[in-house]
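Q: Provided below are the primary sequence and the corresponding predicted coordinates.
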Amino acid sequence: MKTSKLLLGDEALALAACDAGVKAFYGYPGTPSTEIFEAGEKYIKLLNDGRVAEWAANEKVAYEFALGTSYTGYRSVVTMKHVGLNVAFDAFINSAITGIQGGLIVAVADDPGMHSSQNEQDTRYLADFANLPLLEPSTPQEVYDFTIKAFALSEKLKLPVVVRLVTRLAHSRGEVSILKTSLKPESIGIPPISKKFSWVLVPSIARVRYKELRRKMPSLYEEAKKFNSLQSFPSAKVGVITSGMGSAYFYQYKKNNNISDEKYNHLNVKAYPLDMDLLHTLVKISDTIYVFEENYPYLEDMLIPYCNSKCVVRGRRDQTVPVDGELNISLIRQALENRQLDGKVDGNLFTKISSLIEIRPPKLCEGCGHRDTYQAITTALKNIGIDDPRIFGDIGCYSLGVQPPYFGIHTLVDMGASLSMAFGAALAGMTPSIGIIGDSTFFHSGMPTLLSAANLKLNINFIIMDNAIVGMTGQQAPVATDVAPLIAKAAGFRDEQIHLFTPLPQKTEENVKQLEQIFQRDEPSLIIFKRKCIIAMQRKLYPLEKKEALHE
Amino acid sequence: MNENPTYGLVVAGVGGQGAVTIAQLILGAAWMDGDHVLQSEVHGMSQRGGEVSAHIVFSKDPVMSPTIEQGDADFLLGLEPLETLRHLIYLKKDAHFITSITTIKNMENYPASENILSLLKSIDGVKMIDSDQIAKEIHFSHGANMTLLGYASNYLPVNGEVWDKVIRERFASKGEKIVDKNLLAFNTGKKLINNENFVYQ
């Protein structure tokens, strides 16, 4: 029996996991993946049958939580954004070699077009590198269906299965026909006695396990083949390869323009690794092949050596589609027809509009404490003669401090890089050296740098903007609150090296004076600006709810 | 001609203004009316006062693309004049669009309001609505968007009877008073089609 609902792609993944009997959701918040976990948490509450959802300090830890749950024979989902998989990569790669027990889904949301990210890396390469299967749905319905199948596939292959979403799918709301009943989480047991040591990747065992992973590859191709399809027509001389959102846009392009399916030989890729037979057939029957995929030229690069001189490949490599950015229907039309639609905005109107409109960048909220923090820091630096400060920044709401009037950060690389880059710069002679980080990002990967710094005789300043919440991704509870000073003390910081400030307009003058002193000391300082997130306060989210079952 | 055409609609506004809520109501209405529906939303960084838009696509046939091609949208609902202007690029040649006339100047270099409004006024298919004024008159300060939606509902290929239910369901958790206020704003906007006092064109 089936019923249907309007769901985001992210929500469809969470609901499917619940319906497939998932025991646990783990993750670290990151747009556009955050709502997978949040929806999972919501459904778990409704089901109330002993499942758990737990944010981890970072993606690597979350991944290992999931692997541990898998070891006990239960199904689990770990969620992260694309760059989060870099953080989890060590665990990810090696879990392919240990293999899994209970089904494990790695739900990764890529961000082509960089709506909320520092790059647009493509998770398909990472799954390929780890020798793991990856499913790439195109609609919320496919997200649901593929997730149900992914658990069975994971347990059949004894491997984690990656489900790759992209922003336009993660945040697309559509109708999803769902199962009427939810399986209860059940364990298939811990690994049997015969496999007791196969998760111990000492070299002698790892060599055996790695051989075994390689031996599984034919079954991976076999399984992926069941998802992929080639539609060919004797009259068609043009081939099209699509995957993920490329498939969705290509379908809609044909539908909206009454273009017959028979015009193109169409290879629709939904699962990886891709069997070469399908590519081979497509090449044999087509003179030209267009590739529409989100977003690196992954399939295209597989195709090019197959084509040789037999056919022409059109895609991102030859600029038929721009090499960077999101795909859309316009780009497909441009590629296939070399024209755009004539809409309401003609050349004349376009000129008029262009001369008027300005970008409207997102900004720090009115009343946000980060504003007062940036104000205090930049003023203090100016007062001690530093007119062109260079401050190492990090990832969170406070990244918006890069904008006027603060111009408060000068680097943003990856989670935690603020403190470690400040450390490296201090060692190389920068004084004062300043890194700015949020409380959740500090727990994610800022802590190790703090532990290294206590006894240096260098003017290095670790500034934590502490709002006791994960603000940017929608106000999730951080893994810990108020522990940074204790950690610093345990690591060897003296009380005089630890400073607590309240970022409020009426405190700015006083904060500036103290900062002027601190920024001129030749010793490490931990400076905490502590004030709650204004949005979270308006929404009455404090105190943040912790999951009772886990934390009683 | 396509037997079951795809209808594409863009809602544009400023982060925090409620564009996604309005889009979800339209999506819900089309779905309740028996269409296949899909909608692309903006979450994350842009919600901090940046540009926010949602695309809604529906048809009697299955739909797969959650975004609309430039030049192919049938309707635009602009909650803020500059954002209306920014998203006009999505509209079909003969498409209608409606826009609020209240500017939100939360940025450097906001263009002169009169330049934006006079350009909008000169474009075919525009309906400019003083939705903030209407919201004031019905004593519901947050009612401007619902007024615009009510007015827009006259243009959308959605059975007029479904709106009441969709609005009730959406605001039910906030209490009967809020439901009634939203219905009032919607219906006031809807009736503007017969009362051009607040409509400038």
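A: Good, I have the coordinates.

Q: list the contacts for residue 94?
A: In the absence of a named chain, this looks at chain A. Taking CB atoms under 8 Å, 6 or more residues apart in numbering or on different chains as the criterion, residue A:94 is in contact with residue A:201. For the C-beta atoms, the positions are set from N, CA and C on the backbone; glycine is no exception.

Q: That was the other one, I meant chain B.
A: Contacts of residue B:94 (CB under 8 Å, 6+ apart): A:344, B:124, B:125.

Q: Flag the shaky bits of the chain, pLDDT-wise.
A: Defaulting to chain A. Scanning chain A for pLDDT under 70 picks out the ranges A:1-2, A:545-552.

Q: ah, I was thinking of chain B
A: Ranges of chain B meeting pLDDT under 70: B:1-2, B:44-46, B:196-201.

Q: got the contact list for the nearest residue to residue A:55 once chain neighbours are set aside?
A: Ranked by CB to CB, 6 or more residues apart in numbering or on different chains and with sequence neighbours excluded, the top spatial neighbour of residue A:55 is residue A:476, at 6.0 Å. Neighbour list for residue A:476: A:29, A:34, A:38, A:55, A:440, A:469, A:470 [criterion: CB under 8 Å, 6+ apart].

Q: Please repeat the previous calculation with a cut-off of 7 Å.
A: A:29, A:55, A:470 (CB atoms under 7 Å, 6 or more residues apart in numbering or on different chains).

Q: Identify the residue of the stretch 251-400 of chain A closest to chain B, quick one.
A: residue A:343 (2.7 Å; CB to the nearest CB).

Q: quick revisit: name only those of the contacts of residue B:94 that count as buried.
A: Neighbour counting by 16 or more other CB atoms under 10 Å in any protein chain shown classes A:344, B:125 among the contacts of residue B:94 as buried.

Q: which bits of the stretch 101-250 of chain A sit near chain B?
A: Within the stretch 101-250 of chain A, the residues that sit near chain B (CB under 7 Å from any CB of the partner chain) are A:115, A:116, A:138, A:139, A:168, A:171, A:172, A:173, A:174, A:175, A:248, A:249.

Q: remind me, longest helix of chain B?
A: helix B:176-191 (DSSP state H).

Q: any idea how far that helix is from the chain center?
A: 15 Å (CA atoms, centre = their mean, to the nearest Å).

Q: ok, now stretch A:529-545?
A: 24 Å.

Q: Can you name the residues in contact with that stretch?
A: With CB under 7 Å, 6+ apart as the criterion, stretch A:529-545 contacts A:365, A:367-369, A:373, A:463, A:465-469, A:471, A:475, A:477, A:500-504.

Q: Repeat the analysis, applying 6 Å as the threshold.
A: Stretch A:529-545 has contacts (CB atoms under 6 Å, 6 or more residues apart in numbering or on different chains) with A:365, A:367-369, A:373, A:465-467, A:469, A:471, A:475, A:477, A:501-503.

Q: shouldn't residue A:172 be in contact with residue B:66?
A: Yes: using CB atoms under 6 Å, residue A:172 is in contact with residue B:66, at 3.8 Å.

Q: Kindly point out which residues are neighbours of both of these two.
A: B:38, B:40.

Q: Mind telling me the two of the contacts of stretch A:529-545 farthest from one another?
A: A:477 and A:501 (23.2 Å; CB to CB).

Q: From residue B:86, how far off is the nearest residue to residue A:502 once chain neighbours are set aside?
A: Closest residue to residue A:502 apart from its sequence neighbours, by CB to CB, 6+ apart: residue A:531 at 5.9 Å. Residue A:531 sits at a distance of 34 Å from residue B:86 (criterion: CB to CB, to the nearest Å).

Q: which residues does the most centrally placed residue in chain A contact?
A: Nearest residue to the geometric centre of chain A (CA atoms, centre = their mean): residue A:81, 0.7 Å. For residue A:81, the contacting residues are A:30, A:33, A:109, by CB under 6 Å, 6+ apart.

Q: Which stretches in chain B count as strands?
A: B:7-14, B:36-40, B:51-59, B:73-78, B:91-100, B:126-129, B:199-200 (DSSP state E).

Q: still on that earlier bit, who has more neighbours out of residue A:172 and residue B:66?
A: Neighbour totals were compared for residue A:172 and residue B:66, and residue A:172 leads with 30 against 27 (other CB atoms under 10 Å in any protein chain shown).

Q: residues contacting that one?
A: Shown in contact with residue A:172 (CB under 6 Å, 6+ apart): A:9, B:38, B:40, B:66.

Q: Any idea what it is bridged to?
A: Beta-bridge partners for residue A:172, by DSSP bridges, are residue B:40.

Q: List the buried residues of stretch A:97-114.
A: With burial defined by 16+ other CB under 10 Å, the residues of stretch A:97-114 counted as buried are A:97-113.

Q: In helices only, show me the residues you listed.
A: Going by DSSP H, the helices hold A:97, A:98 from the buried residues of stretch A:97-114.

Q: So which bits of chain B are right by chain A?
A: In this structure, chain B approaches chain A at residues B:2, B:6, B:38-41, B:43-46, B:48-51, B:64-67, B:69-72, B:85-86, B:88-89, B:91-93, B:107, B:109, B:111, B:119, judged by CB under 6 Å from any CB of the partner chain.

Q: Got a ChimeraX select line for the buried ones in those?
A: Here is the ChimeraX command that selects the buried residues among the residues of chain B next to chain A (16+ other CB under 10 Å):
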select /B:6,38,39,40,41,43,44,45,46,48,49,50,51,64,65,66,67,69,70,71,72,85,86,88,89,91,92,107,111,119
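
Q: Could you double-check that residue A:439 sits in contact with residue A:463?
A: No: in this structure, residue A:439 is not within contact of residue A:463 by CB under 6 Å, at 11.2 Å.

Q: and the residue nearest to residue A:502, how far is that from chain B?
A: Here residue A:531 is placed at a distance of 17 Å from chain B (CB to the nearest CB, to the nearest Å).

Q: give me phi/psi at that residue?
A: Torsion angles at residue A:531 (phi, psi; degrees, to the nearest 10) stand at phi -160, psi 140.

Q: Residue B:65 now?
A: According to degrees, to the nearest 10, residue B:65 has phi -90, psi 120.

Q: can you check residue A:40 too?
A: According to degrees, to the nearest 10, residue A:40 has phi -60, psi -50.

Q: tally of neighbours for it?
A: For residue A:40, using other CB under 10 Å, the count is 28.

Q: before we move on, the earlier item: quick check: beta-bridge partners of the residue of the stretch 251-400 of chain A closest to chain B?
A: residue B:92.

Q: which ones are touching residue A:190?
A: Here residue A:190 is in contact with A:72, A:73 (criterion: CB under 6 Å, 6+ apart).

Q: in what helix or strand does it lie?
A: Counting by DSSP states H and E, no helix or strand carries residue A:190.

Q: how much space between it and chain B?
A: Distance, residue A:190 to chain B, by CB to the nearest CB: 39 Å.

Q: Check residue A:50 too.
A: To chain B, residue A:50 is 27 Å away according to CB to the nearest CB.

Q: quick one: that residue is in a strand?
A: No: assigned with DSSP: H, G, I helix; E, B strand; the rest coil, residue A:50 falls outside any strand and is coil.
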